[in-house]
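Q: Output the structure for:
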Amino acid sequence: MREALRIAQEKNQDLVEVAPGAKPPVCRLMDYGKFKYEQSKREREARKKQKIITVKEVKIRPNIEDHDLDVKMKNAIRFLKEGDKVKVTVMFRGREITHADLSKELCFRLARGAEEIAVIEREPKVEGRNMVMVLSPKHD
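A: Here you go, the predicted structure:
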């Protein structure tokens, strides 16, 4: 170890421990400032290539008309194609919540419309005055 430090000082380099877990630990002679810069540059590039997945919401009512449901389905399909998750929310008012089974069928109908590009991540479930289902894009 001392010899490696001496060699590093003679060459005006830094002794950087690359793999501390190895037996014996692996060290490298390099310019530490340049090493840190290159590392941060690689991290920035990796962050640039990441896709941030957002959750888009499609709100519907239990007694929605067929055409309106088709419009909402097209929006959901567009969101899924962009790589976003879709939260389908059926909003209940008054006593509409007593027909939760019909609303569940409505959710499944919307899911069937997008089944070639989406999977149901979370089954339809009543939460307070809403029924929520989450669709996520299929990964090939």
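Q: domains in this structure, as residue ranges please.
A: Following automatic domain parsing, one gets these domains for the chain: 2-48, 55-137.
Q: Need those domains in JSON lines (columns: mean pLDDT and mean neighbour count).
A: Every C-beta, even on glycine, is put in place using the N, C-alpha and C of the backbone. Output for the domains of the chain, formatted as JSON lines (pLDDT from 0 to 100; neighbours: other CB atoms under 10 Å):
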{"stretch": "domain 2-48", "mean pLDDT": "85", "mean neighbour count": "11"}
{"stretch": "domain 55-137", "mean pLDDT": "91", "mean neighbour count": "16"}
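Q: who's in contact with the most centrally placed residue in the chain?
A: By CA atoms, centre = their mean, the chain has its centre lying nearest to I53, at 3.6 Å. By CB atoms under 8 Å, 6 or more residues apart in numbering, the contact list for I53 reads 83-85.
Q: Tell me the one of these nearest Q9?
A: G83 (51.5 Å; CB to CB).
Q: a helix runs through the closest one, doesn't it?
A: No. Applying DSSP: H, G, I helix; E, B strand; the rest coil, one finds G83 to be coil, outside a helix.
Q: Report all helices and strands that the strand ranked longest in the chain contacts.
A: The longest strand of the chain (DSSP state E) is strand 118-127. Helices and strands touching strand 118-127, by 3 or more CB pairs under 8 Å, 6 or more residues apart in numbering; DSSP states H and E, are helix 66-81, strand 85-91, helix 100-113, strand 130-137.
Q: do you know which of those lies nearest E121?
A: Using CB to CB, the nearest of these to E121 is strand 130-137, at 4.3 Å.
Q: strand partners of the closest one, parallel vs antiparallel please.
A: Strand 130-137 pairs in its sheet with strand 85-91 (antiparallel), strand 118-127 (antiparallel), by DSSP bridges.
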